[in-house]
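Trainee: Generate coordinates for the sequence data below:
(2 chains)
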Amino acid sequence: KQEVTQIPAALSVPEGENLVLNCSFTDSAIYNLQWFRQDPGKGLTSLLLIQSSQREQTSGRLNASLDKSSGRSTLYIAASQPGDSATYLCAVYTGANSKLTFGKGITLSVRP
Amino acid sequence: NAGVTQTPKFQVLKTGQSMTLQCAQDMNHEYMSWYRQDPGMGLRLIHYSVGAGITDQGEVPNGYNVSRSTTEDFPLRLLSAAPSQTSVYFCASRKTRYTGELFFGEGSRLTVL
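Mentor: Alright, predicted model coming up:
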């Protein structure tokens, strides 16, 4: 059974810091991994999708990497801003049982 | 381009009442799904569909019913609401079962008294 872990559950940083959010998974037989952002009271917004054959994806100040062999993905946020404050979730799509498994998210607070 | 649209955004029910949460997408996605999100439990899959006329159960299907008569619409029915069904419900779609980003609606907050 695939398990997805995101640690820590919450993170507070000053504005301008470069930061890394971690996502680990137990079953490396994945189709893809997706990072989402969720603002309070809102739905999930897709940030980046990495296929199993890819090592990384970039969008603006965001860069996501994938290391299937070690069961890890990282979301790098450059020059963090207060507007980046949100909960960040990763989700892993596992081919064996065609199931999307979500982590519980990291709640990020960027202090002005 | 509206993406995934859910209605209603808020609903209060009494125990035993039934209701339908509506979900529509305008991206011609084959795959649609319903999740519930609860504090400490994360997102859990209720039901999903890989195309019109095809549905299947997720992790927590009991007490919910779905149908998929068109590509665009995937309603979720609560047959006899219970307080344990108090939650935030999200509809999500992707191009196919195996490909594409998963896009979410804004959510429907349901309270069962």
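
Trainee: any weak-confidence spans in chain B?
Mentor: Chain B contains residues with pLDDT under 70 at B:1.

Trainee: longest strand anywhere in it?
Mentor: strand B:42-51 (DSSP state E).

Trainee: That one packs against which elements?
Mentor: Applying 3 or more CB pairs under 8 Å, 6 or more residues apart in numbering or on different chains; DSSP states H and E, we find strand B:42-51 packed against strand A:99-102, strand B:31-38, strand B:54-57, strand B:64-66. C-betas here are computed from N, CA, C, even on glycine.

Trainee: Which positions in chain B make contact with chain A?
Mentor: Contact residues, chain B versus chain A (CB under 8 Å from any CB of the partner chain): B:4, B:40, B:42-43, B:45, B:90, B:92, B:97-98, B:100-107.

Trainee: show me the contacts for the residue most central in space within chain B.
Mentor: In chain B, the C-alpha nearest the mean C-alpha coordinate belongs to residue B:34, at 2.9 Å (CA atoms, centre = their mean). Shown in contact with residue B:34 (CB atoms under 8 Å, 6 or more residues apart in numbering or on different chains): B:21, B:23, B:45-48, B:58, B:64, B:66, B:74, B:76, B:89-92.

Trainee: one more time with 7 Å, if that's ok
Mentor: Applying CB atoms under 7 Å, 6 or more residues apart in numbering or on different chains to residue B:34 gives the contacts B:46-47, B:66, B:76, B:89, B:91.

Trainee: Name the member of those with the most neighbours.
Mentor: Using other CB atoms under 10 Å in any protein chain shown as the neighbour criterion, residue B:91 leads the contacts of residue B:34 with 28 neighbours.

Trainee: picking up where we left off before, give me the spatial nearest neighbour of the residue nearest to the centre of chain B, chain neighbours excluded.
Mentor: Once flanking residues are discounted, residue B:34 sits nearest to residue B:46: 4.4 Å by CB to CB, 6 or more residues apart in numbering or on different chains.

Trainee: Please save the CA atoms from the longest strand of chain B in PDB.
Mentor: Below are the C-alpha coordinates for strand B:42-51, written out as PDB (Å, rounded to 0.1, in the frame of the first residue of the first chain):
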ATOM      1  CA  GLY B  42      -6.500  14.200   4.400                       C
ATOM      2  CA  LEU B  43      -8.200  13.600   1.100                       C
ATOM      3  CA  ARG B  44     -10.100  10.300   0.600                       C
ATOM      4  CA  LEU B  45     -11.500   9.100  -2.600                       C
ATOM      5  CA  ILE B  46     -15.200   8.300  -2.600                       C
ATOM      6  CA  HIS B  47     -16.100   7.300  -6.200                       C
ATOM      7  CA  TYR B  48     -14.600   7.800  -9.600                       C
ATOM      8  CA  SER B  49     -15.500   7.500 -13.200                       C
ATOM      9  CA  VAL B  50     -13.300   6.700 -16.200                       C
ATOM     10  CA  GLY B  51     -15.900   7.700 -18.800                       C
END
